[in-house]
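Visitor: Model the structure of this input:
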Amino acid sequence: MKKVLILSCLFGLCIISLHSQGEDPKQMSMTLNQCVAKALEGNLDIAVQSFNPEINEAAISQAREIFLPDFRVEFSNENLDNLTSWGVEGINYTTKQHMYTFSLNQKFVTGADIALRYLNYTTKTTKNLTAVNPQYYNRFTLEITQPLLKNMGPKITRYEIDRAENQRDISKIELDSTVLQKVYEVEEAYWNLVYAMENLKVRELSLVQSREQHKSSREAARIGAGSALDVLKAKTEVAQAEDQVLAARSQVEMYEDQLKEILNLDTLGFEGQMSIIPADEPKIDRPDISFEQALKLAMERNPDVARLDKQIENSSLDISYHKNQLLPQLDLNFSLWYLGQGGIRSFYLNNNPFTGIVVDQEERSRIDAFKDILDRKYQNWQVRLNLSIPLENLFSRARLTQARLEKDQITAEKERLEKTVYFDLLEVFKDLNNNEKRIGSTARYREMVEKKLEAEHQRYRLGLTGPEWLFSYQRELAQAKADEIQAVTTYKKSVAKLEKILGISLDKKGLLYRKK
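Guide: Purely as a prediction, here's the structure:
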C-alpha cells in the first residue's frame with residue numbers, strides 16, 4: 001500500500017504542475033504510471049481486500065494468545081452451621097473459613113501445561129476435639145502436564161497459529177493479484193487509447209489530404225484540365241475520409257471512457273469532463289528474458305501459484321493435526337507441593353484428645369505457616385500417567401480423509417494452473433515474437449506505400465493516371481500507418497500481459513530488461 005500512496009502523491013503533483021503551466025483545462029495529460037496510481041488510489045476492490053491482511057494479523061494475534069500466561073485470583077468466604085450424629089464433636093458446630101487462591105498457568109510449545117498455585121485459607125470452628133483451631137493453612141503447588149501422544153509437539157501446538165499465518169499470506173497474495181490485474185487493465189486501456197488517438201490523427205490527416213485533392217479537382221475542372229467525374233470521385237473520397245474520422249473519433253471516446261472507468265473518474269464531475277491525453281509514447285522495450293527464465297520466474301512469483309502453495313501448506317498442516325488427533329491421549333503428570341500450617345495447636349493429656357484435658361498450646365502465626373513453604377518443611381510429589389482412548393478415534397477418520405482429499409484437490413488444481421501458466425507464457429512469447437516482426441513489416445510496408453503514393457502523385461500531375469489510383473494509395477497509406485501504430489501498441493499490451501503472468505509489479509519491471 002506504500003507504493004500506491006507514493007504513486008498517488010506523484011499523480012497529484014503532476015496534476016498541479018500541469019494546471020500551473022496553463023495547460024488546456026479541458027485536457028488532462030497523464031503518464032501510464034499516473035494512471036496506475038489513480039486507478040489503485042480509488043479502487044473499491046483493492047480497498048476492500050486491503051482489510052484482509054489486517055484482519056488475519058488480528059487472527060494470528062488471537063491464536064498466539066494460547067502462549068500468554070493465565071493469572072487467576074479466587075476468594076471465598078464460608079460460614080457453615082453443621083449438625084452431627086457423633087456426640088463427641090458436639091450436637092452442632094459452626095465453621096468459618098476464608099480462602100484465597102492465586103494461580104498462574106502457562107502453555108509451552110511442546111504442548112505442556114505448567115501451573116503454579118498458592119492456596120491460603122483460615123479455618124475457625126466450634127467443633128470439639130479439633131487439634132488446631134484457628135488454623136492457617138498454606139499450600140504451594142507446581143503441576144506439569146505433558147502430552148506424550150495426542151497434542152504433543154510444536155507442530156500440533158502451533159497448528160492454529162501456522163494456519164492463521166498462512167491465511168494472512170494468502171490474503172496478501174490475493175491483494176497483490178488484484179493489484180496486478182488492475183495494473184494490467186490500466187495498461188491495456190492506456191495503450192488502446194494511445195492507438196485510437198494516433199489512428200484519429202492519421203484519419204484526420206487523410207481527410208485534410210482528401211479535401212485538398214477535392215479542391216484541386218474542382219480547380220482543374222474549372223479551367224478545363226479535369227472532368228466533373230474527377231470532382232465527384234474526389235468528393236466521394238472526402239465523404240469516405242470524414243466517415244473514417246467519425247469512426248476513429250468514436251473509438252477514441254470509447255477507449256477514453258473505458259480508461260476513465262478504470263481510473264474511477266466521476267463522469268459527472270470536473271475530472272470526468274476532461275479529456276485524457278496519454279503522455280507516454282509507445283516505445284519498444286524488448287524484454288531480455290528467455291522462456292525458461294520466464295517460466296521459472298512465473299512459478300516463483302505468480303500470485304495464483306503462490307496462493308495454491310500456501311493452501312497446500314494449510315492442507316498439510318490439517319493432515320498432520322487430524323492424524324495426531326487419532327492417537328490415544330497419554331499424558332505425563334508431575335505434581336510437587338509444599339505445605340505450611342499455623343494457628344493454635346492444643347496438646348491433650350497423654351496425647352489423647354478424648355480426655356478433653358489440654359496440657360499445653362502452641363501458637364504459630366500466618367508468617368510461620370508461610371515459612372514452612374519457603375523452608376520446604378513438608379515436601380510432597382506425585383508422578384502419574386493418564387491414558388484415554390476415545391472410541392471415535394478407532395472408528396471415525398472422516399476429518400483426516402477430508403484433509404487428504406482437499407490436499408489432493410489443491411495439488412491437482414496447482415498442476416492445472418501450472419499448465420495454464422505454461423501455455424499462457426508460450427502464447428505471450430509467440431505474440432511478442434510475431435508482434436515484433438509485425439512492427440518491422442508494417443514500418444517497411446508504410447515506407448513502400450509512401451513511395452508509391454509519391455510516384456502516383458507525379459503521374460497524376462503529368463496526367464498519366466486518374467484520381468482513383470491516387471485515392472486508393474492514400475487510403476492504403478492511411479491504413480498502413482494505422483497498422484504500424486496498432487502493431488506497436490499491441491506489442492506493449494503483450495509485454496503488460498507477460499508482466500501480469502510473471503507477477504511483476506511496477507517497481508520490479510527491471511527484471512524483464514536485463515540478463516539474469
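
Visitor: if I look at the residue lying closest to R249 once chain neighbours are set aside, how far off is Q402?
Guide: Among residues not flanking R249 along the chain, L200 sits closest, at 5.9 Å (C-beta to C-beta, 6 or more residues apart in numbering). The C-beta positions use only the backbone N, C-alpha and C, and glycine is treated the same way. Taking C-beta to C-beta, to the nearest Å as the measure, L200 falls 59 Å from Q402.

Visitor: So between the two, which is more surrounded?
Guide: L200 (20 against 13; other C-beta atoms under 10 Å).

Visitor: pretty sure the more buried one is touching S250, no?
Guide: No. In this structure, L200 is not within contact of S250 by C-beta atoms under 8 Å, at 9.6 Å.

Visitor: what about stretch 335-350, average pLDDT?
Guide: Stretch 335-350 carries an average pLDDT of 86.

Visitor: and if you look at stretch 412-428?
Guide: For stretch 412-428, the mean confidence score works out to 94.

Visitor: same deal with stretch 167-179?
Guide: For stretch 167-179, the mean confidence score works out to 91.

Visitor: what residue ranges in the stretch 351-500 of the chain score low on pLDDT?
Guide: 354, 356, 393-395, 452-475 (pLDDT under 70).

Visitor: mind listing the strands for the protein?
Guide: Under the criterion DSSP state E, strands of the chain are mapped to 27-30, 70-83, 92-107, 113-125, 132-147, 275-278, 329-348, 358-364, 378-388.

Visitor: Point out the other helices and strands that the first one packs with.
Guide: The criterion is 3 or more C-beta pairs under 8 Å, 6 or more residues apart in numbering; DSSP states H and E, and the helices and strands that strand 27-30 contacts are helix 2-20, strand 275-278.

Visitor: Look up the closest residue to L417, ignoring the ones flanking it.
Guide: In space, L417 comes closest to D304 once its chain neighbours are excluded; the distance is 5.7 Å by C-beta to C-beta, 6+ apart.

Visitor: For the one you found, give me the pLDDT.
Guide: With respect to pLDDT, D304 scores 91.

Visitor: I figured it was touching S177, is that so?
Guide: Yes. Counting by C-beta under 8 Å, S177 is a contact partner of D304 at 6.6 Å.

Visitor: show me what contacts W381?
Guide: Contacts for W381 (C-beta atoms under 8 Å, 6 or more residues apart in numbering) come out as 334-337.

Visitor: That one and L330: what is the separation?
Guide: According to C-beta to C-beta, W381 and L330 sit 20 Å apart.

Visitor: again, but for P282
Guide: 70 Å.

Visitor: Could I get the contacting residues of the nearest residue to F291 once chain neighbours are set aside?
Guide: Spatial nearest neighbour of F291, chain neighbours left out: F429 (5.4 Å); criterion: C-beta to C-beta, 6+ apart. Going by C-beta under 8 Å, 6+ apart, F429 touches 291, 294, 498.

Visitor: Filter the residues you listed down to the buried ones, ChimeraX style.
Guide: In ChimeraX syntax, the buried subset of the contacts of F429 is picked out as below (16 or more other C-beta atoms under 10 Å):
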select :294,498
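
Visitor: Sort out for me which of the contacts of F429 are in helices.
Guide: Among these, DSSP state H puts 291, 294, 498 in helices.

Visitor: From those residues, pick the one nearest K155.
Guide: A294 (36.2 Å; C-beta to C-beta).

Visitor: ok, and the closest non-adjacent residue to that closest one?
Guide: Using C-beta to C-beta, 6+ apart, the nearest residue to A294 is L425, at 5.7 Å.

Visitor: R399 now?
Guide: H322 (4.6 Å).

Visitor: Contacts only, for the one you found.
Guide: For H322, the contacting residues are 399-400, 403, by C-beta under 8 Å, 6+ apart.

Visitor: what does Q106 give?
Guide: 67, 69-70, 113-115.

Visitor: pLDDT wise, what is the residue nearest to R249 at?
Guide: pLDDT at L200 comes out at 88.

Visitor: Over to the one 3 residues further on?
Guide: According to the predicted model, the pLDDT of R203 comes to 81.

Visitor: Show me the domain layout of the protein.
Guide: Here the domain parsing of the chain from automatic domain parsing is 2-60+160-317+401-512, 69-147+329-388.

Visitor: for the ones you listed, which one ends up most surrounded?
Guide: For these, the largest average neighbour count (mean count of other C-beta atoms under 10 Å) is found in domain 2-60+160-317+401-512, namely a mean of 17.

Visitor: sorry, back to before: of the contacts of F429, just say which sits nearest to D318.
Guide: Distance to D318 across the contacts of F429 (C-beta to C-beta) is lowest for A294, with 33.5 Å.

Visitor: Run a quick check on that closest one versus E499, I expect a contact.
Guide: No. Here A294 lies out of contact with E499, judged by C-beta under 8 Å, at a distance of 10.4 Å.

Visitor: for stretch 434-441, the distance to its chain's centre please.
Guide: Centroid separation for stretch 434-441 versus its chain: 38 Å, with C-alpha atoms, centre = their mean, to the nearest Å.

Visitor: Run through who's touching that stretch.
Guide: Contacts for stretch 434-441 (C-beta under 8 Å, 6+ apart): 284, 286, 484, 487-488, 490-491, 494.

Visitor: Can you tell me which of those is closest to L119?
Guide: Nearest member of these to L119, counting by C-beta to C-beta, is S494, at 76.1 Å.

Visitor: center of the protein - which residue?
Guide: K172 (1.7 Å; C-alpha atoms, centre = their mean).

Visitor: residue contacts, V245?
Guide: 200, 203-204, 207.

Visitor: rerun that using 6 Å as the cut-off
Guide: 203-204, 207 (C-beta atoms under 6 Å, 6 or more residues apart in numbering).

Visitor: ok, it to L263 distance?
Guide: On the measure of C-beta to C-beta, V245 and L263 end up 26 Å apart.

Visitor: for E57, same thing?
Guide: 30 Å.

Visitor: ditto for Q49
Guide: Counting by C-beta to C-beta - Q49 and L263 are separated by 19 Å.

Visitor: I'd say N52 and S171 touch.
Guide: Yes. With contact defined as C-beta atoms under 6 Å, N52 counts as touching S171 (3.7 Å).

Visitor: quick one on the thing from earlier: of all the strands of the chain, which lies closest to L193?
Guide: strand 275-278 (5.8 Å).

Visitor: For that closest one, name the packing helices and strands.
Guide: Counting contacts by 3 or more C-beta pairs under 6 Å, 6 or more residues apart in numbering; DSSP states H and E, strand 275-278 is packed against strand 27-30.

Visitor: Give me the residues contacting the strand it packs on.
Guide: Applying C-beta under 6 Å, 6+ apart, the contact partners of strand 27-30 are 18, 274-277, 279.

Visitor: Dump the residues you listed into CSV; add distance to L477 as well.
Guide: CSV is the format used below for the contacts of strand 27-30 (distance: C-beta to C-beta, whole Å):
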residue, distance to L477
L18, 34
M274, 33
S275, 27
I276, 28
I277, 25
A279, 27
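
Visitor: tell me the two of those that are most distant?
Guide: Of all pairs drawn from these, the greatest distance, 13.9 Å, lies between M274 and A279 (C-beta to C-beta).

Visitor: For stretch 116-134, give the mean pLDDT please.
Guide: Stretch 116-134 shows a mean pLDDT of 86 in the predicted model.

Visitor: And that stretch, end to end?
Guide: One end of stretch 116-134 sits 26 Å from the other (C-alpha to C-alpha, to the nearest Å).
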